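>>> this one's structure only:
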């Protein structure tokens, strides 16, 4: 993949969890402490290698939780465009979308039934 003549961007959206996002096992964005919700775009040309590349996400439970919760999510997309093309002409290389697990206790139904199932 020629990166000298291209712009490679990571588009990221996350919330409800802590996360570590990597390109070719190089950390490009992480929040391993607080798990703040965020949306960002960043250039990752320096993490791209010739040939095949890998995008990976590690999700961890939010602080105070022992497992991922229902609203835990991390979505990441790698895009590419030639330097000569304007923003908006990006082409998706790959996309990962991960969603969390169990409902939070405070999301339980008013009748006392645990959210997501019978008691």
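Looks like it came in fine. Note that the coordinates shown come from a computational prediction; the quantities given were computed from them, not determined experimentally. Numbering: from 1, shown residues only.
>>> Count the neighbours of residue 12 for me.
Around residue 12 there are 20 other residues, counting by other C-beta atoms under 10 Å. For glycine as for every other residue, the C-beta is placed from the backbone atoms N, C-alpha and C.
>>> check which helix or strand covers it.
strand 6-15 (DSSP states H and E).
>>> and residue 12, what is it in contact with?
21, 29, 38, 39, 40, 41, 42, 74, 75, 76 (C-beta atoms under 8 Å, 6 or more residues apart in numbering).
>>> tell me the mean pLDDT over the helix or strand that the strand holding residue 12 is followed by?
With elements assigned by DSSP H and E, the helix or strand that comes after strand 6-15 is strand 18-23. Averaging pLDDT along strand 18-23 gives 95.
>>> From here on, call the first residue 7.
Understood, numbering begins at 7; the last thing we discussed is strand 24-29.
>>> Show residues contacting strand 24-29.
16, 18, 33-41, 50, 53-54, 59-69, 80, 82, 84.
>>> what about the closest residue to residue 60 other than its chain neighbours, how many neighbours?
Nearest-residue entry for residue 60: residue 30, 5.6 Å, with adjacent residues in sequence omitted and distances by C-beta to C-beta, 6 or more residues apart in numbering. Neighbours of residue 30 under the rule other C-beta under 10 Å: 14.
>>> so what's residue 30 up against?
53, 54, 55, 59, 60.
>>> now with 7 Å?
Contact analysis of residue 30 by C-beta atoms under 7 Å, 6 or more residues apart in numbering lists 53, 55, 59, 60.
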